[in-house]
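Novice: Have a look at this fold, sequence not included:
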C-alpha cells in the first residue's frame, strides 16, 4: 500500500507559536514512517507557509537557509501545497494541525482545510471556534446543563469607552459607565478572588488572578492587550485541577483523569512550560464515583461543543465539597509525549504513536462522512439564467 501524505502544520500567528513548534516536532518524530510520508509545514509568526525538513529548526533559531515558501491549493480535487515555480508540488492526504491558539485552533485554518477538501485531525470549524472562545464555550456548556463557574464578561471597546449602553446584552455581559462600576459588578456577582482572561487565548497567556480592586484593574489592563473580549470568572475555593482526555467523533471515550499540581499560584504559562516544577498525577486520586461523573461530563461537553477527534477537558474540583466545574475544552492540546493529553491516553492503554494513528483514522472517517453529503441541487426550472 502507498504511504499516506500527512502534512503537519506547526508554528502559526499566535502567542502559542513556540508551544506549537514543540508539539509539532514531537508529532513529526513519532508518526510511523512505514505508514506515512510526513510533510512538515511551518507557519511563521507573520503567516507565511514554509516547507522543508529543517523548517522547525529554522523557525526556532532563524538561522540558516530559509525553507521554501509554499501555498495551499484551494483545489478540492487535488489538495496539495506548492511553490511559485512549481519546484515543490506535494499532494496531501491528511493534515495534522499541531497549532495552538489563534489562526490555528480557532476554526480559521479548519475553514481553509474544508475549502481544500482535505481530511484534518481535530474539531471542525464550529467546534474549533466555539471552544476557542471561552465565553461562548461556557454559554453552550451551561445551556447543556453542565456545571461551569460563575462569570461575567465585557468587550474591550466598552471598557475603554466606558459606555453606559446596556441594551440587548448577552448572557453574563456587563456594560458600565466607569471602571469602578465594572469592579462593583464583579464584587457583587462574583466576589474575590477572580480570574481575568482574554476570551480567545490558550496556554494561560494574559491570565491573571485578582484578589482585590487594584489587582483586578491591573489584570484587565493585561488581558485587553490580547483580546477584544474579556472574561472574569469566579475562583473555585480549595481547588484541585483535574484533566480528562477525550478521543473520538460521535462516539467519543474518555481517558482516566489526571491531576495537575501547579508550581505557581495557578497553572500559568511558566508553570506549564518553563520552570518544570509542576507535578502531574496520573491517574488522579479520586474515588470511583467522582471519577466516573467527571469522565461522563467530559464526554457530554465534547459533544455539546460539537468537537471531533480530540479534546482535553479541564475541570476545577472543590476538594472540600466535592463539587466540580468545567473549566474549558482544548481542541488541540499540547501534543508532546509528555503532555497531559498523551500521558492520559498512555495511562489508559493507548501509547503515543498509536494515538496518532487513531487521530488520523478519525480525521479520514469524518471527512468520508462529509464527502458523501450532497452538495448539488437542481431546481425545477433554470430561473437563475433569466
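Specialist: Looks like it came in fine. Given the structure is predicted, the values throughout are model-derived calculations rather than measurements.

Novice: Now do the closest residue in space to residue 25 that isn't next to it in sequence: how many residues are near it, please.
Specialist: Using C-beta to C-beta, 6 or more residues apart in numbering and skipping residues adjacent in sequence, the residue nearest residue 25 is residue 56, 5.1 Å away. In short, each C-beta sits where N, CA and C put it, glycine included. Per other C-beta atoms under 10 Å, the neighbour tally for residue 56 reads 23.

Novice: quick one: contacts for residue 56?
Specialist: Counting by C-beta atoms under 8 Å, 6 or more residues apart in numbering, residue 56 touches 10, 21, 24, 25, 28, 40, 42.

Novice: pretty sure residue 327 is in a strand, no?
Specialist: Yes - Residue 327 forms part of a strand when assessed by DSSP: H, G, I helix; E, B strand; the rest coil.

Novice: how about the nearest residue to it, chain neighbours excluded?
Specialist: Nearest one to residue 327, counting by C-beta to C-beta, 6+ apart, is residue 314 at 4.2 Å.

Novice: how far out from the middle of the chain is the host helix or strand of the one you found?
Specialist: Assigned by DSSP states H and E, residue 314 belongs to strand 309-318. Put simply, strand 309-318 sits 12 Å off its chain's centre (C-alpha atoms, centre = their mean, to the nearest Å).

Novice: Helices of the stretch 1-150 of the chain, residue ranges please.
Specialist: Secondary structure of the stretch 1-150 of the chain (DSSP state H, counting those that start in this stretch): helices at 17-30, 55-61, 108-116, 125-132, 134-143.

Novice: Low-confidence bits of the chain, can you list those?
Specialist: 1, 163-168, 202-204, 263-277 (pLDDT under 70).

Novice: Which helix runs longest in it?
Specialist: Using DSSP state H, we find that the single longest helix of the chain is helix 352-371.

Novice: Can you give the contact residues for that helix?
Specialist: Contacts for helix 352-371 (C-beta under 8 Å, 6+ apart): 4, 6, 27, 30-32, 35-36, 94-96, 117-122, 124, 247-249, 308-310, 337, 342, 345-346, 350.

Novice: Run the chain-centre distance for it.
Specialist: 18 Å.

Novice: And for stretch 103-117?
Specialist: 13 Å.

Novice: Stretch 110-124 now?
Specialist: 15 Å.

Novice: How about residues contacting that stretch?
Specialist: 72-77, 79, 92-97, 107, 125, 128, 131, 306-311, 331-332, 359-360, 362-364, 366-368, 371.

Novice: in that stretch, what counts as buried?
Specialist: For stretch 110-124, the buried set under the neighbour-count rule, 16 or more other C-beta atoms under 10 Å, comprises 110, 113, 114, 116, 118, 119, 120, 121, 122, 123, 124.

Novice: Report how many residues lie close to the residue lying closest to residue 201 once chain neighbours are set aside.
Specialist: Closest residue in space to residue 201, ignoring its immediate chain neighbours: residue 226 at 5.5 Å, by C-beta to C-beta, 6+ apart. By the measure other C-beta under 10 Å, the count of residues near residue 226 is 19.

Novice: Surely residue 226 is in a helix?
Specialist: No - Residue 226 is assigned coil when assessed by three-state DSSP, not a helix.

Novice: ok, it touching residue 208?
Specialist: No - taking contacts as C-beta atoms under 8 Å, residue 226 lies outside contact range of residue 208: 11.4 Å.

Novice: just to revisit the earlier point, columns distance to residue 287 on top of the helices of the stretch 1-150 of the chain, output as JSON lines?
Specialist: Output for the helices of the stretch 1-150 of the chain, formatted as JSON lines (distance: least, C-beta to C-beta, whole Å):
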{"stretch": "helix 17-30", "distance to residue 287": "33"}
{"stretch": "helix 55-61", "distance to residue 287": "43"}
{"stretch": "helix 108-116", "distance to residue 287": "38"}
{"stretch": "helix 125-132", "distance to residue 287": "29"}
{"stretch": "helix 134-143", "distance to residue 287": "24"}
